[in-house]
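**Student:** one predicted model, sequence on top.
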Amino acid sequence: MDIEITGGRIFYTFPFEVPILGKFQITETLMVSWLVMLLITGLCIWLTHDLKVEKISRRQAVAELLVETANKFVIGNMGEKFRYMIPFVAALFATSVVSNLISLVGLRSPTADLSTEAAWAIVVFTMITAQKIKTNGFGGYMKGFTTPIPIMTPFNILSEIATPISMACRHFGNILSGVVINGLIYAALALASSKLFGLIPGIVGDVLSKIPFLDVGIPAIMSVYFDWFSGIMQAFIFCMLTVMYIANAAEE
């Protein structure tokens, strides 16, 4: 059984190089990420088109339900003063869900690339740090690394750095594991199909053994968990960690 699982394909590498950042590349992850953003933008435009006060359509009812759910999630976990976070958290959740589920149509999920989650985690970590500085001042933020005793400073610094790393790796690891397991299942079923139909003698067996019949339908059962459940759950967990970390930073 031959199977190869690699990262996103590189379509083009720019000839120039930027200091520290290195060379810019147009990758499969980048292209699919832009497709995800276009899909979400198009869906938002469609859902919010021609809104009415009375006799609303089902489309508007769905849009209002999504907005109300986002409001309850953010305000319920962070408080009224963080209402301004609702668009960010909603956009983060929608991007994560669509990125996770886009593999159902045969495209490589952008969240199967650690760089995607790392970028999200860095943005969230910046917001957490900004909230801590806003709450305690820069001096209070730096002093926090020495609590409860100065000797704990290295451990507190490691704990701070571990926050974005753990957020990124948790999301990435679960999505990538689903990609790997699904790939192994497809390969194993293709091999089983080849061996099973290869038992038929003659040219009929030779032809049928080259067609992966078992790859049709059976992997869909596994995708209910690895694509649907796991994808939505990881998006929810990432957003929950985001709101909780920021809310906790405001209370320190």
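**Tutor:** Great, that's in hand. Numbering: from 1, shown residues only.

**Student:** most remote residue from the chain's center?
**Tutor:** Taking C-alpha atoms, centre = their mean, the residue of the chain most remote from its mean C-alpha position is residue 202, at 48.4 Å.

**Student:** what pLDDT does it get?
**Tutor:** We have a pLDDT of 75 for residue 202.

**Student:** got it, and residue 20?
**Tutor:** With respect to pLDDT, residue 20 scores 69.

**Student:** now the most centrally placed residue in the chain: how far from residue 60?
**Tutor:** Centroid check for the chain by C-alpha atoms, centre = their mean gives residue 96 as the closest residue, at 3.7 Å. Going from residue 96 to residue 60 by C-beta to C-beta, to the nearest Å gives 25 Å. All C-beta spots, glycine's among them, are computed from the backbone N, C-alpha and C.

**Student:** before we move on, the earlier item: for the residue nearest to the centre of the chain, phi and psi?
**Tutor:** Main-chain dihedrals, residue 96, degrees, to the nearest 10: phi -70, psi -50.

**Student:** surely it is in contact with residue 230?
**Tutor:** No. Contact between residue 96 and residue 230 fails when scored by C-beta atoms under 8 Å: they sit 11.7 Å apart.

**Student:** next, count neighbours for the nearest residue to residue 96 once chain neighbours are set aside.
**Tutor:** Nearest non-adjacent residue to residue 96, counting by C-beta to C-beta, 6 or more residues apart in numbering: residue 235, 3.6 Å away. As a burial measure, residue 235 scores 23 neighbours (other C-beta atoms under 10 Å).

**Student:** so residue 235 sits against residue 93, correct?
**Tutor:** Yes. Under the criterion of C-beta under 8 Å, residue 235 makes contact with residue 93 at 5.4 Å.

**Student:** okay, now residue 232: neighbour count?
**Tutor:** Neighbours of residue 232 under the rule other C-beta under 10 Å: 15.

**Student:** isn't it up against residue 100?
**Tutor:** Yes. In this structure, residue 232 is within contact of residue 100 by C-beta under 8 Å, at 7.2 Å.

**Student:** ok so residue 128 is a helix residue?
**Tutor:** Yes. Looking at residue 128 with DSSP: H, G, I helix; E, B strand; the rest coil, it is inside a helix.

**Student:** that one: how many residues sit nearby?
**Tutor:** Using other C-beta under 10 Å, the number of residues around residue 128 comes to 20.

**Student:** check the offset of stretch 198-209 from the chain's centre.
**Tutor:** On the basis of C-alpha atoms, centre = their mean, to the nearest Å, stretch 198-209 sits 43 Å off its chain's mean C-alpha point.

**Student:** give me the distance between the two termini of that stretch.
**Tutor:** End-to-end distance for stretch 198-209, by C-alpha to C-alpha, to the nearest Å: 5 Å.

**Student:** which SSE is the nearest residue to residue 222 once chain neighbours are set aside in?
**Tutor:** Leaving aside its sequence neighbours, residue 222 sits nearest to residue 185 (C-beta to C-beta, 6+ apart; 5.8 Å). Residue 185 is part of helix 153-197 when elements are defined by DSSP states H and E.
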